[in-house]
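[1] I need the structure of the sequence given here:
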Amino acid sequence: MKLTENNLLGVVNEWRAKGFTDDFILEGKTIKSTKTGKSYSSGDFKITHAYRFDVTENALDTQNLYVVKTIDSNGLLIDLLARYLHDEHGLIAGKTEDVHVGMHIDEDQPTKYEMEKIYKARFEENPDRYELRIGFPDFPPCPFGNFFSMLGFDKTDKKYVWLVTSILRDKRLQTIHY
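    Numbering: from 1, shown residues only. Next up is the predicted model:
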């Protein structure tokens, strides 16, 4: 499959049109269908394609898309924070057969998914201004029809923001669970 657009949403839509309608999330040592709730261990699924998006020049903001086939379902595993590739159980790493790389340098983009995008330099101005919220019910809608599991929050402006990956790895960022 050739990339016809250099963005994650465009490629997701292409795969959806080809019948890959299920969504998967990583859950412990399995991937889980968000449609059926069924879990699949490492031997029960195959990743046929992998994509990497939004790689800034400093590799601060990366997203991955994995095309997944199981014996009874086809779908996508969308990794908006590039965490699944290096999961603690190694479930995703090494399972790709065909890697497609889509790079889009977007350091000058002020928003991502209609949220203000916060880069490391802005975070450094006042690290206490931002927090990472996990599982909050008031998250804005996800553009992929799924849901966000975590998002940055600007405590000064009282709004959700997109934090680049380097901020997520910063030990000063406070994590708040709902």
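
[2] who touches the closest residue to Thr21 other than its chain neighbours in this structure?
    On the basis of CB to CB, 6 or more residues apart in numbering, the spatially nearest residue to Thr21 that is not a chain neighbour turns out to be Gly75, at 6.3 Å. Where you see a C-beta, it was placed from the backbone N, CA and C, and this is true even at glycine. Applying CB atoms under 8 Å, 6 or more residues apart in numbering, we find Gly75 in contact with Phe20, Thr21, Asp22, Asp23, Phe24, Ser33, Lys35, Val68.

[3] how about a cut-off of 6 Å?
    Taking CB atoms under 6 Å, 6 or more residues apart in numbering as the definition of contact, the neighbours of Gly75 are Phe20, Asp22, Asp23, Phe24, Val68.

[4] JSON lines for those residues, including secondary structure, neighbour count and distance to Asn126?
    Formatted as JSON lines, the entries for the contacts of Gly75 read as follows, by DSSP: H, G, I helix; E, B strand; the rest coil; neighbours: other CB atoms under 10 Å; distance: CB to CB, whole Å:
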{"residue": "Phe20", "secondary structure": "coil", "neighbour count": "19", "distance to Asn126": "42"}
{"residue": "Asp22", "secondary structure": "strand", "neighbour count": "19", "distance to Asn126": "41"}
{"residue": "Asp23", "secondary structure": "strand", "neighbour count": "21", "distance to Asn126": "36"}
{"residue": "Phe24", "secondary structure": "strand", "neighbour count": "25", "distance to Asn126": "37"}
{"residue": "Val68", "secondary structure": "strand", "neighbour count": "24", "distance to Asn126": "40"}
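
[5] returning to what we had before: quick one: the residue nearest to Thr21 and Ser42, what's the gap?
    Computed with CB to CB, to the nearest Å, the distance linking Gly75 and Ser42 is 17 Å.

[6] equivalent analysis for Ile118, please.
    Using CB to CB, one obtains 35 Å as the distance from Ile118 to Ser42.

[7] which one of these two has more residues nearby?
    Each of Ile118 and Ser42 had its neighbours counted (other CB atoms under 10 Å), and the higher figure belongs to Ile118 (19 against 15).

[8] got a list of what the more buried one touches?
    Under the criterion of CB under 6 Å, 6+ apart, the neighbours of Ile118 are Val161, Leu163.

[9] go on, Phe123?
    Residues in contact with Phe123 (CB under 6 Å, 6+ apart) are Ile167.

[10] so what's it scoring on pLDDT?
    Model confidence at Phe123, given as pLDDT, is 95.

[11] pull out the buried residues from the longest helix along the chain.
    The single longest helix within the chain, with elements called by DSSP state H, is helix 8-17. With burial defined by 16 or more other CB atoms under 10 Å, the residues of helix 8-17 counted as buried are Leu8, Val11, Val12, Trp15.
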